[in-house]
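S.K.: A structural model of the following input is requested.
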Amino acid sequence: MRFNQVTEEIECIVTGRVQMVMYRDFAARKARSLGIAGAVQNLPDGSVRVIAQGNKGALEAFVSQLQRGPIFARVDNIKIIWRKPKNIFQTFQILYR
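M.R.: You can find the predicted model right below:
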């Protein structure tokens, strides 16, 4: 995996039944398998925020996985913002409040 070849960044807000169903762990495993760096965290409103950096194809594949989610999750919506990265992540991490 090469995390230093960042060309794109996405910020996703995932809504639905996405907390207490291993969604953050699922997102981290999928991101690492695709060579994506970034972070995932639960938000106080029950949604999950994902910042992901990588090439466009990997990020598109990652969004497809995020829409699917782990077995007990229900993803209702993903709001995606594409942008150029400001800060470069070296790994993909789960952030805890």
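S.K.: is Ala28 in a helix, a strand, or coil?
M.R.: helix (DSSP: H, G, I helix; E, B strand; the rest coil).
S.K.: please report how far it lies from Val40.
M.R.: Separation of Ala28 from Val40 (C-beta to C-beta, to the nearest Å): 6 Å. All C-beta spots, glycine's among them, are computed from the backbone N, C-alpha and C.
S.K.: residue nearest the centroid of the chain?
M.R.: Val50 (3.8 Å; C-alpha atoms, centre = their mean).
S.K.: correct me if wrong: that one contacts Val14.
M.R.: Yes - the pair Val50 / Val14 is scored as a contact, 6.6 Å apart, by C-beta atoms under 8 Å.
S.K.: can you give me the strands for this protein?
M.R.: Under the criterion DSSP state E, the chain carries strands at the ranges 8-17, 37-42, 48-54, 74-83, 92-95.
S.K.: need those in a markdown table with distance to Val63 and mean pLDDT, can you?
M.R.: As requested, those are arranged in a markdown table below (distance: least, C-beta to C-beta, whole Å; pLDDT from 0 to 100):
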| stretch | distance to Val63 | mean pLDDT |
| --- | --- | --- |
| strand 8-17 | 7 | 98 |
| strand 37-42 | 12 | 98 |
| strand 48-54 | 8 | 97 |
| strand 74-83 | 6 | 98 |
| strand 92-95 | 14 | 97 |
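S.K.: out of those strands, indicate the one that is most buried.
M.R.: Mean neighbour count (mean count of other C-beta atoms under 10 Å) peaks for strand 48-54 among the strands of the chain, with a mean of 24.
S.K.: residues in contact with it?
M.R.: 3, 5-14, 18-19, 23-24, 27, 31, 34-43, 59, 62, 66, 85, 88-89, 92 (C-beta atoms under 8 Å, 6 or more residues apart in numbering).
S.K.: now with 6 Å, please.
M.R.: 6, 9-14, 18, 23, 27, 36-43, 59, 62, 85, 89 (C-beta atoms under 6 Å, 6 or more residues apart in numbering).
S.K.: what are the pairing partners of it, and which direction each?
M.R.: According to DSSP bridges, strand 48-54 forms sheet pairs with strand 8-17 (antiparallel), strand 37-42 (antiparallel).
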